[in-house]
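Peer 1: Sequence and predicted model, in that order:
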Amino acid sequence: ILNVEQSPQSLHVQEGDSTNFTCSFPSSNFYALHWYRWETAKSPEALFVMTLNGDEKKKGRISATLNTKEGYSYLYIKGSQPEDSATYLCAPGSGSSGSARQLTFGSGTQLTVLP
Amino acid sequence: DAGVTQSPTHLIKTRGQQVTLRCSPKSGHDTVSWYQQALGQGPQFIFQYYEEEERQRGNFPDRFSGHQFPNYSSELNVNALLLGDSALYLCASSWHSISYEQYFGPGTRLTVT
């Protein structure tokens, strides 16, 4: 069973601030790291899937990096907007080859962007 | 294109009862995974179905069982409900051959009283 830790647990920032969160996970038996954004009363929305050490992905103002050797990933939001308020979940996938691997989620970082 | 859908949205059951939750995967997807999210925690993997068989299972008791139909839709059954089964149950679908992306439904909120 993977132990996935996300920090901080919650975060309040002002509109326009830039922020970042951390996801740490065991680096063994790793195949991919997923980031999801989850707004209240909606479905979790996939942001990024990263597989290679040193991967960097970007989607608008949001970007993520991956270090598989030391087992961590950072999510960055530049110029936060109120609509970025959500819970951000990371989930390393693990397991042997085969069908879609099971995801082990962290508890998430709850971001609130104040106008 | 409809995404992942789940039914019902909410339901309330009493201890000892049985419940069935339903999930229709995203069009073109053939694999369904179920997750339980208890309050304050991240989603926990229950099991995964592909080709109408359970392929992987998380650390959940046998009271949790499932089924996948030929049209790839799936059911999650929980028997002998406990208060601790109160949670949000999420379904995620994916395409077997492309194992990275999993798309989630909005979930079913189960309350056990």
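Peer 2: Nice, I can see it.
Peer 1: Look up how far B:Ala2 lies from the spatially most central residue of chain B.
Peer 2: With the centre of chain B defined as its mean C-alpha position, the nearest residue by CA atoms, centre = their mean is B:Trp34, 3.3 Å away. As for B:Trp34, its distance to B:Ala2 is 19 Å (criterion: CB to CB, to the nearest Å). C-beta here means a position set from N, CA and C on the backbone, and glycine is covered the same way.
Peer 1: circling back to that earlier point, who's the residue nearest to the centre of chain B bridged to?
Peer 2: B:Phe47, B:Cys91 (DSSP bridges).
Peer 1: What helices and strands are in contact with the worst-scoring helix or strand of chain A on mean pLDDT?
Peer 2: Counting by mean pLDDT, DSSP states H and E, chain A has its least confident helix or strand at strand A:102-103, which shows a mean of 84. Secondary-structure packing of strand A:102-103 (3 or more CB pairs under 8 Å, 6 or more residues apart in numbering or on different chains; DSSP states H and E): strand A:86-94, strand B:31-37, strand B:44-50.
Peer 1: show me where the chain has strands.
Peer 2: If you meant another chain, say so; for now it's chain A. A:5-7, A:10-14, A:19-24, A:30-38, A:45-50, A:56-59, A:62-67, A:72-77, A:86-94, A:102-103, A:109-114 (DSSP state E).
Peer 1: try again with chain B
Peer 2: Ranges of strands within chain B are B:5-7, B:10-13, B:19-24, B:31-37, B:44-50, B:53-57, B:64-68, B:74-78, B:87-95, B:98-104, B:108-112, based on DSSP E.
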